[in-house]
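Chemist: Provide a 3D model corresponding to the input given below.
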Amino acid sequence: MLMKAELNGVEDTVLYDSGSSSAAVVFYNDENKPKGMKFYKIPLMGAEKKTKVRATFIPVTIKHNMYVCELFGNALLMEPNHCCDKEATINRYNILGFKAFGIGSHAIDFTRNQLYPVSRSQIDSTEYLPVKCKFENDVLFVYPTINGVEYECIFDTGNGLGILIQDAQRVQDRSETDLLYEGSYGKAIGGATEIQHFVIDPKTTVGFAGHEETIPVMYMEKNLAYNNMGLQYIRRFDWIIDDYSNKVYAKPHVGEATDLSQTRYALTTDNGTLRIVTRRIDGNEVFRVGDQIVSVNGEEVNEENLCHYLDLLTENKDWTGFDIKVK
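Modeler: As a prediction, the model looks like this:
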């Protein structure tokens, strides 16, 4: 969910990530600033080495179409791991977290693709329905029902998926229609976490804000801090978030659900190589998570064509027509 904003005097496209409790996350590639940063190392799936991360707190001045505010945010200095523009990685954009919008009420209007301030009198006169929610530690939780059972989910516009639930038992006790995957959709900063199994139930009954429909729902074994309502489901509604009264209102804005079941392999360009980080397990798979693709149709994958083959293999879910060599 991208928008224009100004951070510390620099106007740029930023990611609105309501799942981040920080006011802002500002990425740096200059070793000389800011000072006083601490080093961390994050293991990335398929990477040959750990990613170095240096982090500290900094004061940030935020200007966007609703407010001007001065708060504290996180500054991160990272080694670049991805070289292709099309690969959606968190360090492509500076982030505005949920705390940046916690000083007033705002509407997220997917019908008109707008985000704007809302007064309390406007909230009372809308057609939006109030929904069950909880505000805790600068994080918003909402409560969809999945097959009639209520789940507490973080409201996370920074996650491009839909409904994501941690339930190891559900992964182990799969139904005949479930789709089994190996890999990870859980992202650390700049890459993926350790390999695990998860399933997608392609036809799950999900209810929220007086609206019920059948959509795919993903279940993960572990490493999920909170059950998650991501952007793929969030954008099926228009929203008003009233931070003064700690209330949330939603109105269905129904569109086509993305068919997650079509995903067979997910790729990354960590450390200048093309690697598989997710695979569908259905008895016909040839490749494994962690495999490095070294050639396609006899042509070596190198720095010059890396992004071309990332795009080509991502857009073509069926790889049977390609001669792909891995190591």
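Chemist: run through the bridge partners of residue 281.
Modeler: Taking DSSP bridges as the rule, residue 281 bridges to residue 180.
Chemist: burial of it, as a residue count?
Modeler: Residue 281 sits with 15 neighbouring residues when counted by other Cβ atoms under 10 Å. Where C-beta positions appear, they are placed from N, C-alpha and C, glycine not excepted.
Chemist: and the residue nearest the centre of the protein?
Modeler: residue 159 (2.1 Å; Cα atoms, centre = their mean).
Chemist: residue 123 - that's part of a helix, no?
Modeler: Yes - assessed with DSSP: H, G, I helix; E, B strand; the rest coil, residue 123 lies in a helix.
Chemist: and it, what does it touch?
Modeler: 105, 240, 242, 247, 249 (Cβ atoms under 8 Å, 6 or more residues apart in numbering).
Chemist: any idea how far it lies from residue 157?
Modeler: 20 Å (Cβ to Cβ, to the nearest Å).
Chemist: same check on residue 59?
Modeler: On the measure of Cβ to Cβ, residue 59 and residue 157 end up 24 Å apart.
Chemist: the two: which is more packed in?
Modeler: residue 157 (23 against 10).
Chemist: so what's that one up against?
Modeler: With contact taken as Cβ under 8 Å, 6+ apart, residue 157 is in contact with 1, 16, 17, 18, 19, 108, 230, 231, 234.
Chemist: ok, the last one - how many residues close by?
Modeler: Residues within reach of residue 234, counting by other Cβ under 10 Å, total 21.
Chemist: so for it, what's the nearest residue that isn't a sequence neighbour?
Modeler: Leaving aside its sequence neighbours, residue 234 sits nearest to residue 157 (Cβ to Cβ, 6 or more residues apart in numbering; 6.1 Å).
Chemist: for whatever residue is furthest in space from the centre of the chain, which non-adjacent residue is spatially closest?
Modeler: Here the chain reaches farthest from its C-alpha mean at residue 298, the gap being 34.5 Å by Cα atoms, centre = their mean. Distance criterion Cβ to Cβ, 6+ apart; nearest residue to residue 298, sequence neighbours excluded, is residue 323 at 6.5 Å.
Chemist: got the phi and psi for the residue nearest to residue 234?
Modeler: Dihedral pair for residue 157: phi -70, psi -10, per degrees, to the nearest 10.
Chemist: over to residue 251?
Modeler: Torsion angles, degrees, to the nearest 10, at residue 251: phi -140, psi 130.
Chemist: residue 164 too?
Modeler: According to degrees, to the nearest 10, residue 164 has phi -130, psi 120.
Chemist: any idea what residue 239 is bridged to?
Modeler: residue 108, residue 250.
Chemist: that one: neighbour count?
Modeler: Residue 239 has 24 nearby residues by other Cβ under 10 Å.
Chemist: my guess is it contacts residue 105. True?
Modeler: No - look at residue 239 against residue 105 with Cβ atoms under 8 Å: they stay out of range, at 10.7 Å.
Chemist: how much space between the residue nearest to residue 298 and residue 289?
Modeler: 21 Å.
Chemist: I appreciate the help and will end here.
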